[in-house]
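In: Need a 3D model of the following:
(one chain, ligands or ions: 1)
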Amino acid sequence: MINQLEKFKEYLRVKEEIDGFSFNSEVKKNFMSLVDGDKLKILEIGFGLGSMIKRCIKWGFSSEIEYWGIDKNGELIEPAKKNLVDFLTNYGLNYYINGDRIKVDDNVKVDVRFYQSELMDFRRNNYFNLLLANSFFDLVDIDKSIKKILSLSEKNAIFYFTINYDGITRFLPYVDIKLDNKIEKIYNGSMNDLNCRYDQSRSGSYLVDSLKKHKCEIKNLGPSDWVINPSFGENEKYFLLYILNLIQETVRSQDSFDERTEKWFSKRRQQIKKEELFFRACNLDMVGYLK
Ligand SMILES: C[S@@+](CC[C@H](N)C(=O)[O-])C[C@H]1O[C@@H](n2cnc3c(N)ncnc32)[C@H](O)[C@@H]1O
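Out: Just a heads-up that it's a prediction; the model follows:
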């Protein structure tokens, strides 16, 4: 039996590729143009398997990076380190491991540390000049998190917040419109587990609102939807099944368990198996300055 952590790691592994196709290209271009060659002191919140530090190195926008990744799940530290080491090896960059840190000493200098920490408990005030978070804000109280992020950042630090879920999860073709909508509503509703000011299932839109409220400057924003068309590959199949299982567990735990709903899930599974399903989830990317 594969345990939950292994399934989550595999989900993050395939998500890395799907996110890569989904990032908004204008927002990304804008982000790259804002980074001005100074030494970057990056904080990534919720690093998962460390996909963003790999992207920072691949995208090559800075020759000197001090990277701090925090994630509340300490079990992800070793897998993230391994993931980065495999990437650096394949990429042919010189690196060495110094205790908990991974240092790249090549045409690019990078100093990486992954920490277990809940965002609210992390202390390094007014330090960072680039803040990253990918698929993160639907999991937290957006307003409180922005306030905390501001306290960790230098004035005018850049933020690049990506794949912020924004309330729409669609499976097509329609099986039963009323049931499709009901299931989506239960799934979205389950994300509001913190009873906070903003609806977490619309983290993309509400992040915009919260950033503006805190006088931050949004330079660019745009959609970064996950769109999976029929005739997909094995990675997409895994990704879709993972999300479908998550939704099914949510519906089972929140709603009465009925045969019609169970059939809906079986039908969707068949569509995934036959590569007939069309899937879309709406996300937003944004870039700008924190004040
Ligand atoms: C959906 S995953 C995304 C991981 C990674 N950014 C990616 O896109 O592959 C969200 C991550 O945020 C972490 N996380 C959730 N709430 C957190 C919090 N309050 N403080 C720190 N990390 C948190 C989770 O443990 C998880 O690894």
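In: any idea how far the ligand is from Asn229?
Out: 22 Å (C-beta to the nearest ligand atom, to the nearest Å). (Glycine included, C-beta is placed from N, CA and C.)
In: Near the closest residue to that residue other than its chain neighbours, how many other residues are there?
Out: Nearest residue to Asn229 in three dimensions, chain neighbours excluded: Phe278, at 6.1 Å (C-beta to C-beta, 6 or more residues apart in numbering). Neighbourhood size, Phe278 [other C-beta atoms under 10 Å]: 14.
In: Over to Gly99?
Out: Number of residues near Gly99 (other C-beta under 10 Å) recorded here: 6.
In: again with Lys274
Out: Look at Lys274: counted by other C-beta under 10 Å, it has 10 neighbours.
In: Then Asp209?
Out: Residues near Asp209, counting by other C-beta under 10 Å, number 15.
In: Give me the distance between the residue nearest to Asn229 and Ile243.
Out: 14 Å (C-beta to C-beta, to the nearest Å).
In: How about the contacts made by the closest residue in space to Asp225 that isn't next to it in sequence?
Out: With C-beta to C-beta, 6+ apart as the criterion, Asp225 has its nearest non-adjacent residue at 5.1 Å, and that residue is Cys282. Shown in contact with Cys282 (C-beta atoms under 8 Å, 6 or more residues apart in numbering): Tyr165, Asp166, Gly167, Ile168, Gly204, Pro223, Asp225.
In: do Ser190 as well
Out: Ser190 neighbours (C-beta under 8 Å, 6+ apart): Thr250, Gln254.
In: tally of neighbours for whichever residue of the stretch 151-291 of the chain sits closest to the ligand?
Out: Closest residue of the stretch 151-291 of the chain to the ligand, C-beta to the nearest ligand atom: Ile163 (6.4 Å). Using other C-beta under 10 Å, Ile163 is surrounded by 26 other residues.
In: coming back round to it: isn't the residue nearest to Asn229 up against Phe171?
Out: Yes - with contact defined as C-beta atoms under 8 Å, Phe278 reaches Phe171; the gap is 7.4 Å.
In: where does this protein dip in pLDDT?
Out: Applying pLDDT under 70 to the chain picks out residues 1, 255-256.
In: any chance you could map the helices in it?
Out: Secondary structure of the chain (DSSP state H): helices at 4-22, 25-34, 51-59, 77-91, 142-152, 177-190, 203-213, 234-254, 259-273.
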